[in-house]
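Peer 1: Quick one, fold the following:
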Amino acid sequence: MPAKSLSGLTLRAETVELRARLEEVEETLRAIRSGEVDTLVVESGAGPQVYTLQGLDAETNRFRGQILAQVSDAVIAVDREGRITYLNAAAERLYGLVASRVLGQSLSTIYSSQWLHPKDEAVAAAALSERGEWRGENVHVTNDGRKLKVESGVTVMREISGRSTGMLAVIRDVTERKQHEDQVAVSEIRYRRLFETAHDGIILLDPGTRKIIDANPFMTKMLGYRRHDLIGKELFEIGLLEDEDASREMFRKLTNTNQVRYENLPLESQGGRHQEVEVVANLYDENGHSVIQCNIRDITERKRSEEHVKLLMAEVNHRAKNLLAVVQAVAHQTAKHGDPATFSERLCDRIAALAVGQDLLVKNQWHGVDVLDLVEAQLSHFRDLIGSRVLIDGPVARLTAAAAQGIGMALHELATNAAKYGALSTPEGRVHIAWTVTAGAAPRFSMSWREEGGPKVIVPTRRGFGQMVIGRMAEAAIQGIADITFREEGLLWILSAATENALVVTGGEAWMSGNMTRLDGPHRARILIVEDEPMLAFTLEELLIEAGFEIAGVAGRLETALALIESGVCDAAIIDANLAGVSASPAATALTARGLPFLVLSGYLPSQQHSAFSAALCLQKPCRPDDLIRSLRSILPAS
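Peer 2: Okay, the predicted model is just below:
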């Protein structure tokens, strides 16, 4: 194409562009003259230049700007291309910038938006397009990385003709408020979770009416009510307090102290279940309104456990003192009947034998001891001989606690004698230990110790403590008969009794001796001994006889004691408060009814004993023999 033609086309194009620019300038001048424009942004090589225009409405625009400057919410205006045309002072503070540096810039130079839900942005755009306004929440991320939770109200600005000229946004920072609301919501969720899942009953009450306004599920379960049945009731109406007066008194205390605590309140459910509860009530403010919260804890099991511990401690104390009393009796008998030169050795051996039996009883929780275990334990010093020179034979059988103690002591004495003077004192001697349990209408337990192959046996000329242990004490332990034969070829000891008196067949552990010892001559006070420890009973019997008393009888179980009291054979009694786990209080009541004095000799403290013993003189095991005799004489009527 010729150069001349090309030049003409270029001139025409430039003319069209110049006319378009002139039209824009004329439109801008028209807008300025009509007061539609307050600020003019001019692009140049040095960047956008901002000019504030003064016109006929300058004073009005200045007043309008002053008002917007005082607004606490951020106000931002943009034109149709999204360029910033106005920011107030609050916007500068919120986003940390200066207005003059961002006017004419894109809105993205101030912040970027993060929407709370995926569809929120599209919903906002549709609202602006259709209705010309949008209200909602989102997050503004500032240039310095801060995340602001904001509430925004955006309005499309239009000319009189309706053509859009941009948008105006009013933005409120709600970050702190949202954090507080979130904290409140979390707190409410946590409280509600605790309220719903707590294993304590919780009741909320209106202080003005004293009526229940809410109750948690555990409370409804504890009482057997449905929640709506509890609402509107007072505490006394659900059995928590005795009556309306008690309810008023509780609220009066709450008003004065803001907290009330009750322990061991009885509570009965609708189904009749009795409970012990602990109640803690607090008065507090809830958004300007007073509310009472009652926490009700079921302490039935705790109280039962506490009582059980008390009972166990009392039983441990009782048994410990009983054991000490037995040791005291062993020491007394060893010193009385033994050789002073060997007293310490014999006493230590006998205490060790007691300890062996005690270990077995504790191991079996005082529910008896297997015969084989008892034999092997008492003959532990000869364990290498068991099966060769010590032969053991017998069925599985369990001795009662009293039988185990008496037979255990007897086995110890028999083994000690065999090692010193009998079959086990020579290499050739042997011991046969056997026991049998016969069936039938009157089943019996029998146990034997038979020696052979040892030195020739010489019949003893005096009865020592050892013979008493294998004789009368063993008999008393099982209410049986002990037969001791001093054969030349070796000692033979046979102990037999009714099965129910020696073995655990029905859970009983009692022994009894209904024998009555009467002395010739003038009448002396007849004393009934009620004691379930054979060693103690035997020692008491000896002490009383030596002190000049007559023994009316010895009872190791309640039935025997009551029978002897009923027969009228005694003038007074010495009673152990507990007979193999059974209270001896009926015996005390029977004695009191007959006007007979009695002395309580027990391992239990007076506060732990039945009220039937309260009027009697009480001595603690172990006690000195002279204290016992003096106390007994003090309760007897003057002769």
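Peer 1: Tell me where the stretch 401-550 of the chain has helices.
Peer 2: 401-420, 465-468, 474-478, 499-502, 534-546 (DSSP state H, counting those that start in this stretch).
Peer 1: can you count the residues close to residue 209?
Peer 2: 10 (other Cβ atoms under 10 Å). In short, each C-beta sits where N, CA and C put it, glycine included.
Peer 1: again with residue 229
Peer 2: So residue 229, with other Cβ under 10 Å, has 15 neighbours.
Peer 1: Distance check, it against residue 410.
Peer 2: Counting by Cβ to Cβ, to the nearest Å, the gap from residue 229 to residue 410 is 69 Å.
Peer 1: likewise residue 89?
Peer 2: 108 Å.
Peer 1: what's the answer for residue 377, then?
Peer 2: With Cβ to Cβ as the criterion, residue 377 and residue 410 are 13 Å apart.
Peer 1: Who has more neighbours out of these two?
Peer 2: Neighbours were counted for residue 377 and for residue 410 using other Cβ under 10 Å; residue 410 has more, 25 against 19.
Peer 1: quick one: pLDDT of that one?
Peer 2: Among the per-residue scores, residue 410 shows a pLDDT of 91.
Peer 1: In contact with it, which residues are there?
Peer 2: 469-470, 473-474, 493, 495 (Cβ atoms under 8 Å, 6 or more residues apart in numbering).
Peer 1: let's see it at 6 Å
Peer 2: Residue 410 makes contact with 469-470, 474 under the criterion Cβ atoms under 6 Å, 6 or more residues apart in numbering.
Peer 1: Contacts for the helix or strand encompassing residue 377 next, please.
Peer 2: In the assignment (DSSP states H and E), residue 377 maps to helix 371-378. Helix 371-378 is contacted from outside by 356, 360, 392, 397, 399, 404, 408, 411-412, 433, 435, using Cβ under 6 Å, 6+ apart.
Peer 1: Mind checking what secondary structure residue 573 has?
Peer 2: Secondary structure, DSSP: H, G, I helix; E, B strand; the rest coil: residue 573 is strand.
Peer 1: Hmm, residue 598 and it touching each other?
Peer 2: Yes: between residue 573 and residue 598 there is a contact at 4.2 Å, judged by Cβ atoms under 6 Å.
Peer 1: quick one: which of those two has more around it?
Peer 2: residue 573 (29 against 26).
Peer 1: Need the per-residue pLDDT for that one.
Peer 2: pLDDT at residue 573 comes out at 93.
Peer 1: Repeat that for residue 1.
Peer 2: Value for residue 1, per-residue pLDDT: 46.
Peer 1: Distance check, residue 121 against residue 394.
Peer 2: Noted for residue 121: a distance of 94 Å to residue 394, by Cβ to Cβ.
Peer 1: So those two - more neighbours on which side?
Peer 2: residue 394 (16 against 13).
Peer 1: residues in contact with the more buried one?
Peer 2: Contacts of residue 394 by Cβ under 6 Å, 6+ apart are 434-435.
Peer 1: Go again with 10 Å.
Peer 2: By Cβ atoms under 10 Å, 6 or more residues apart in numbering, the contact set of residue 394 is 371-372, 375, 433-437, 446-448.
Peer 1: So which of these is surrounded by the most neighbours?
Peer 2: In these, the most neighbours by other Cβ under 10 Å go to residue 447, 28 neighbours.
Peer 1: if we can go back for a sec, tell me the mean pLDDT for the helix holding residue 377?
Peer 2: 91.
Peer 1: Would you mind writing the CA trace of it as PDB?
Peer 2: Presented in PDB, the C-alpha positions along helix 371-378 are these (Å, rounded to 0.1, in the frame of the first residue of the first chain):
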ATOM      1  CA  VAL A 371      -5.100 -80.900 108.300                       C
ATOM      2  CA  LEU A 372      -2.200 -81.800 106.000                       C
ATOM      3  CA  ASP A 373      -1.100 -78.100 105.800                       C
ATOM      4  CA  LEU A 374      -1.200 -77.900 109.600                       C
ATOM      5  CA  VAL A 375       0.800 -81.100 110.100                       C
ATOM      6  CA  GLU A 376       3.500 -80.100 107.500                       C
ATOM      7  CA  ALA A 377       3.800 -76.600 109.000                       C
ATOM      8  CA  GLN A 378       4.200 -77.800 112.600                       C
END
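Peer 1: now the helix or strand that that helix is followed by: how far from the chain's centre is it?
Peer 2: Going down the chain from helix 371-378, the next helix or strand is strand 390-393, by DSSP H and E. Distance of strand 390-393 from the chain centroid (Cα atoms, centre = their mean, to the nearest Å) equals 50 Å.
Peer 1: got it, and stretch 252-269?
Peer 2: Distance, centroid of stretch 252-269 to centroid of chain: 22 Å (Cα atoms, centre = their mean).
Peer 1: cool, stretch 387-405 as well?
Peer 2: Using Cα atoms, centre = their mean, the offset of stretch 387-405 from its chain centre is 43 Å.
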